[in-house]
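Enquirer: give me a 3D structure for the following:
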Amino acid sequence: MFARAAVRALNSQPRLFSTTAARNTKVVVLGAGGGIGQPLSLLLKTDPLVTSLNLYDIRGAPGVAADVSHIDTPSEVQGFAADKLDEALDGVEVVVIPAGVPRKPGMTRDDLFNTNASIVRDLASAVGRVAPTAHILVISNPVNSTVPIVASTLAKAGVYNPARVFGVTTLDVVRAARFTAGLAGVHPNDTPVPVIGGHSGTTIVPLLSQSAHGKGIKGELYDKLIYRIQFGGDEVVQAKDGAGSATLSMAYAGATFANALFRGLNGEKGVVTPTFVESPLYKDQGIDFFSSNVELGVNGVEKIHPLGPLSAEEEKLLAACLPELKKNIERGRAFVESS
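Expert: Predicted coordinates:
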């Protein structure tokens, strides 16, 4: 079936879902009734490394659970209504958070901050209380701020482990591969592009110089490609004409990253993909979180890789990224401190 083959790991070589016998992996989706949550729940139901799938939302989650539970894969699915958050979190190992309001035409990710910051803070507080050792995958935008919100909320509760909190930036990687492949006339599997920095606008820094096909793209074509990767979300928001944002591609990206984490937790070696985590790479500049290639393993974050050589153009992109990223991170932390 197409759905079962839909998600591949973001390593240098393409790969379908692993069929290796897995340890029990109990997953919860917080925001399962939304535009991202529903297709994400579908894709997670088809992942053979998921043995138990809990779906929670303030509305609609039991219906989504009933629907996807009919899919003929072994994982068990349960839906939880708004007053059952603690039950949904009980015993889970991986928490995926797509909850929040979507972008509309003219909105930036920062415009979403006031609403989504409160949602993510409250969900993180519940995770810290009920499932303090769970791995948390943050999809809710703006990721540059919501990941620090989760980290600071867990730290307040005394249960923060930086190896277990991830901002899902995989959609930037997916877009970079797809758009580069289109220009180069090759298969997207042959155009992996590392993407570093953050997950909004100019904080997204694609390293085309580290891609076999991307490094040959120059001049105006290069500038247009960088812009499209950085602002691809706007393209979808405008095309949907106020009816939504990049929900389907984000669900695919979220399930792709989740599968990479599941494989790492399952003991597979060499699982490397970009993700936004607490990082030492730019801490000397006051930037505690950064997306770069991260090796995933049984403890979550096993190793944060160096960036490698950057081109002159990429150095400029990084210089533009860092001050904006720092502001985004500080805004998230300030929100928790003032709560």
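Enquirer: going by C-alpha atoms from here, please, whenever you check contacts or count neighbours.
Expert: OK.
Enquirer: all strands for the stretch 151-300 of the chain, in order.
Expert: Under the criterion DSSP state E, counting those that start in this stretch, strands of the stretch 151-300 of the chain are mapped to 165-167, 195-197, 204-206, 271-278, 289-297, 300-304.
Enquirer: and these, which is most packed in?
Expert: strand 165-167 (a mean of 28; mean count of other CA atoms under 10 Å).
Enquirer: residue 304 pairs with what?
Expert: Taking DSSP bridges, one obtains residue 294 as the residues bridged to residue 304.
Enquirer: contact partners for the spatially closest residue to residue 154 that is not a sequence neighbour?
Expert: Nearest residue to residue 154 in three dimensions, chain neighbours excluded: residue 160, at 4.7 Å (CA to CA, 6 or more residues apart in numbering). Applying CA atoms under 8 Å, 6 or more residues apart in numbering, we find residue 160 in contact with 132, 151, 152, 154.
Enquirer: thinking again about what came up before, now distance to residue 237 and mean pLDDT too, for the strands of the stretch 151-300 of the chain, in a markdown table please.
Expert: Output for the strands of the stretch 151-300 of the chain, formatted as a markdown table (distance: least, CA to CA, whole Å; pLDDT from 0 to 100):
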| stretch | distance to residue 237 | mean pLDDT |
| --- | --- | --- |
| strand 165-167 | 21 | 98 |
| strand 195-197 | 22 | 98 |
| strand 204-206 | 18 | 98 |
| strand 271-278 | 23 | 98 |
| strand 289-297 | 24 | 98 |
| strand 300-304 | 32 | 98 |
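Enquirer: mind putting these in CSV, distance to residue 59 included?
Expert: As requested, the strands of the stretch 151-300 of the chain are exported to CSV (distance: least, CA to CA, whole Å):
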stretch, distance to residue 59
strand 165-167, 24
strand 195-197, 34
strand 204-206, 33
strand 271-278, 29
strand 289-297, 32
strand 300-304, 31
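Enquirer: need the residues that contact stretch 309-316.
Expert: Contacts for stretch 309-316 (CA under 8 Å, 6+ apart): 205, 206, 207, 209.
Enquirer: what is the nearest of those to residue 326?
Expert: Distances from residue 326 to the contacts of stretch 309-316, taken as CA to CA, are shortest for residue 205 (14.7 Å).
Enquirer: farthest from the middle of this structure: give me that residue.
Expert: In the chain, the greatest distance from the average C-alpha position (CA atoms, centre = their mean) is reached by residue 219, at 30.3 Å.
Enquirer: what part of the chain, helix or strand, is modelled with the least confidence?
Expert: Lowest mean confidence among the helices and strands of the chain (mean pLDDT, DSSP states H and E): helix 2-5, at a mean of 38.
Enquirer: who does the helix or strand that comes right after that helix pair with, and is each partner parallel or antiparallel?
Expert: Where DSSP states H and E defines the elements, the next helix or strand beyond helix 2-5 is strand 26-30. For strand 26-30, the paired strands and their directions (DSSP bridges) are strand 52-56 (parallel), strand 94-97 (parallel).
Enquirer: and the contacts of strand 26-30?
Expert: Outside strand 26-30, the residues within contact range by CA under 8 Å, 6+ apart are 37, 41, 50-57, 88-89, 91-99, 123.
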